[in-house]
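**Q** no letters, just coordinates:
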């Protein structure tokens, strides 16, 4: 026809090229579907797939309507059908019979569900299975073999190399697989996606579900799944070594697209017909990726499954168990409040590392034990135990070629000294760490230890600066640390910066607007990444913020919710004395006194002295509020003890608060001259921070004495 009538133009639809002279091919893509991160359900009708579904659903049921929940279900249906118009039309026609949510739930059996096309359509277009049967039967035998084997790759897709490794066997050579994949792409059964440095291929979900059925029917599923699992074990086995020498962004670009295949391989390996030995090895190899992406809940779940397999007798070498236990300790640190289990996990990892003479995992385990003591609360141990662990870490690190390990050890020592109240020594150590920052571009420390130690050092420095009377430098350092962690896009480190530095320093400065902003950020982040520990801190910070705003009932409720969320973990000292102060402000004096006495007792028992001056001051204020006989004399004694502790530690911010409390008491006793002589010299030692709440209060008091 084209040869005899040159003016004729033919538009034809086909699942593959016609291969005739003069043919120009225009690939028709599936209809657009909202992505997982699309901004809002209300805009979903802008997408062709959703619009087609709604139009066909209304044609079948004129009174069809949708709210936000139904719209979200429709988006999910369209996404699972990959925007394929036939699948969407068939699904929409079934909406009246099954309901939208019932339809969504039934998509796992989509070939039974999606039947009943238009009577005028060709038979192969009246059910989804008939359409795929028609396409499948038109393939050559070896094309069918390759297609069904490719179904082992989940939605994340595969490379040509992966396809050649997994689909090839004695029947099909690896070199032939490449040609068959190209043929399947031309016949619209495999999709080629060229969005990065390499083309990736995938089967649309409906095609994959159909092909998986064929793979099982052919009796090939387990053999192909084994080759698939071994392929990804080989890939991930070298991932950790690569991370030490490649830029982290480049490393992630290489491994993140393989996460779906990693999950599928692990699911098969630990299934009844799988191979748990492969599963154990693959779990251990995948740990760096989960750590770098802050997927702590997934890491925990996968590692616990691998350790259970080892316990059940799977051939797992001690080195695998050591790596798995270290990863479990890290993931439990952020997803669990079971302190005894966390510490037992780290101790077992350390024991195995010592037996194997593995210095790397001795360092990781010592860091885990040390960090847990400081973040969970020392419980029956003292902070001197934590200092000893830090010093032990440093002694091992001195003999390592990587200077970073020595700096990490110094950071640990500084943090322990801070908790002990030895601020001058802590600052010397931490400034040495910051001055010698050698943060590698690879950010290798992220998954070795779960945090970026270079920004963690700035967290410690920020807290020390605030205590020593440099509130402006403190918040600048804390916010700089937060900005760096956000730039690194590492959720655990961002949570650490917010929970341990930015939020508390904003509260100490009395900047409630900034504190509110940062507390919300912490709660959002910890919820999004299932970081239980940081969520508990976020609730507690939110409670403190509410009490500072005078919302005592709400504040105390949030504080208790945060502390309850910690479960068996001992309450961090930061919250014990601030809870006591909040109870006093709320008029619950007896409860406040009980709480502060418990906090002081804990401080004496554990040697955690960084806040002892503030605790003594708060007790004095609570005694004044109680108003018992000799309350003023007792309060003055506690204020003077607080002044003495703060002065000896060089904690100028605590000293100002103690001096302000005592000066106010002296003024009430008509001793304004003594009050001025006490408070003015402390105030005059400040060189910055004059807009903070503490310094404004002190200045107002001094003005009142004049």
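**A** It's in. Just so it is clear, the model here is predicted, and its values are computed rather than measured.
**Q** so what pLDDT did residue 574 get?
**A** Looking at residue 574, its pLDDT stands at 78.
**Q** quick one: it from residue 544, how far?
**A** Distance of residue 574 to residue 544, computed by C-beta to C-beta, to the nearest Å: 9 Å. (C-beta placed from N, C-alpha, C; glycine too.)
**Q** equivalent analysis for residue 603, please.
**A** Separation of residue 603 from residue 544 (C-beta to C-beta): 19 Å.
**Q** got it, and residue 637?
**A** Between residue 637 and residue 544 the computed distance is 27 Å (C-beta to C-beta).
**Q** the more surrounded of these two?
**A** Ranked by neighbour count (other C-beta atoms under 10 Å), residue 637 and residue 544 place residue 544 first, with 25 against 15.
**Q** would you map out the domains in the chain?
**A** With domains defined by automatic domain parsing, the chain comprises 41-118, 134-356.
**Q** any chance of these in a markdown table, plus distance to residue 423, mean pLDDT and mean neighbour count?
**A** Formatted as a markdown table, the domains of the chain follow (distance: least, C-beta to C-beta, whole Å; pLDDT from 0 to 100; neighbours: other C-beta atoms under 10 Å):
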| stretch | distance to residue 423 | mean pLDDT | mean neighbour count |
| --- | --- | --- | --- |
| domain 41-118 | 52 | 75 | 18 |
| domain 134-356 | 26 | 91 | 19 |
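**Q** want to throw the ones you listed into a markdown table with distance to residue 612?
**A** Putting those into a markdown table (distance: least, C-beta to C-beta, whole Å) gives the following:
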| stretch | distance to residue 612 |
| --- | --- |
| domain 41-118 | 53 |
| domain 134-356 | 23 |
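**Q** can you pull out the helices in the stretch 1-150 of the chain?
**A** For the stretch 1-150 of the chain, the helices defined by DSSP state H, counting those that start in this stretch occupy 48-60, 68-80, 85-98, 100-105, 110-113, 128-137, 141-150.
**Q** make that the stretch 251-400 of the chain, sorry
**A** Per DSSP H, counting those that start in this stretch, the stretch 251-400 of the chain carries helices over the ranges 259-269, 276-292, 296-311, 318-335, 339-356, 359-376, 383-398.
**Q** select, out of the ones you listed, the one closest to residue 69.
**A** helix 296-311 (25.4 Å; C-beta to C-beta).
**Q** re earlier: closest to residue 140 out of the helices of the stretch 251-400 of the chain?
**A** For the helices of the stretch 251-400 of the chain, the distance to residue 140 is smallest for helix 259-269, at 26.7 Å, taking C-beta to C-beta.
**Q** chain center to that closest one: distance?
**A** 20 Å (C-alpha atoms, centre = their mean, to the nearest Å).
**Q** next: stretch 180-196.
**A** 35 Å.
**Q** ok, stretch 469-488 next?
**A** The chain centroid and the centroid of stretch 469-488 are separated by 21 Å under C-alpha atoms, centre = their mean.
**Q** pLDDT on that stretch, on average?
**A** 93.
**Q** buried ones in it, by neighbour count?
**A** For stretch 469-488, burial by neighbour count (16 or more other C-beta atoms under 10 Å) applies to 469-475, 477-479, 481-482, 484-486, 488.
**Q** closest to residue 317 out of these?
**A** residue 488 (33.1 Å).
**Q** how close does the closest one sit to residue 525?
**A** The spacing between residue 488 and residue 525, counted by C-beta to C-beta, is 14 Å.
**Q** please apply the same query to residue 274.
**A** Distance of residue 274 to residue 525, computed by C-beta to C-beta: 35 Å.
**Q** same question for residue 339.
**A** Residue 339 is 23 Å from residue 525, where distance means C-beta to C-beta.
**Q** and for residue 425?
**A** Distance from residue 425 to residue 525, counting by C-beta to C-beta: 33 Å.
**Q** and these two? Which one has more around it.
**A** Per other C-beta under 10 Å, whichever of residue 425 and residue 525 has more neighbours is residue 525, with 21 against 13.
**Q** show me what contacts that one?
**A** Applying C-beta atoms under 8 Å, 6 or more residues apart in numbering to residue 525 gives the contacts 491, 494-495, 498, 531, 534.
**Q** recalculate using a threshold of 10 Å.
**A** Counting by C-beta atoms under 10 Å, 6 or more residues apart in numbering, residue 525 touches 294, 486, 491-492, 494-495, 498-499, 531, 534-535, 538.
**Q** not counting sequence-adjacent ones, nearest residue to residue 155?
**A** Nearest residue to residue 155, sequence neighbours excluded (C-beta to C-beta, 6 or more residues apart in numbering): residue 260, at 5.5 Å.
**Q** quick one: that neighbour from residue 210, how far?
**A** In this view, residue 260 and residue 210 are 19 Å apart by C-beta to C-beta.
**Q** just residue 273 next, same as before
**A** As judged by C-beta to C-beta, residue 273 and residue 210 stand 22 Å apart.
**Q** residue 144 now?
**A** 11 Å.
**Q** could you name every residue contacting both of these two?
**A** By C-beta under 10 Å, 6+ apart, residue 144 and residue 210 have these common neighbours: residue 136.
**Q** buried set for stretch 640-658?
**A** 641-643, 645-647, 649-658.
**Q** do the same with stretch 399-419
**A** 404-419.
**Q** pick out the most distant pair among those residues.
**A** Spanning the widest gap among those are 404 and 419, at 23.0 Å by C-beta to C-beta.
**Q** re earlier: mind checking which of the contacts of residue 525 land in helices?
**A** Residues of those located in helices (DSSP state H): 486, 491-492, 494-495, 534-535, 538.
**Q** now which of those would you call buried?
**A** By 16+ other C-beta under 10 Å, these give 486, 491-492, 494-495, 534-535, 538 as buried.
**Q** which one of those residues is nearest residue 100?
**A** Distances from residue 100 to those, taken as C-beta to C-beta, are shortest for residue 535 (32.6 Å).
**Q** can you read off the pLDDT for that closest one?
**A** For residue 535, the pLDDT comes out at 92.
**Q** could you do the one 10 residues further on as well?
**A** The model reports residue 545 with a pLDDT of 95.
**Q** quick check: the gap between it and residue 533.
**A** Per C-beta to C-beta, residue 545 is found 19 Å from residue 533.
**Q** for residue 201, pull up the helix or strand it's in.
**A** Secondary structure assignment for residue 201, by DSSP states H and E: strand 200-202.
**Q** what is that strand packed up against?
**A** Helices and strands touching strand 200-202, by 3 or more C-beta pairs under 10 Å, 6 or more residues apart in numbering; DSSP states H and E, are helix 160-167, helix 174-186, strand 191-193.
**Q** can you say which of those is nearest to residue 313?
**A** Taking C-beta to C-beta, helix 160-167 is the member of those nearest to residue 313, at 28.6 Å.
**Q** that closest one - contacts with which helices or strands?
**A** Using 3+ C-beta pairs under 10 Å, 6+ apart: helix 160-167 touches helix 141-150, helix 174-186, strand 200-202, helix 221-237.
**Q** how far off centre is the first one?
**A** Distance of helix 141-150 from its chain centroid, counting by C-alpha atoms, centre = their mean, is 39 Å.
**Q** and for the second one?
**A** Between the centre of helix 174-186 and the centre of its chain there are 39 Å (C-alpha atoms, centre = their mean).
**Q** and it with helix 160-167, angle?
**A** Going by axes from the mean of the first three to the mean of the last three C-alpha atoms, to 10 degrees, helix 174-186 is angled at 110 degrees with respect to helix 160-167.
**Q** list the contacts of helix 174-186.
**A** Residues contacting helix 174-186 (C-beta under 10 Å, 6+ apart): 15-17, 19, 25, 27, 139-140, 142-147, 149-150, 158, 160-161, 163-169, 172-173, 189-192, 199, 201, 203, 207.
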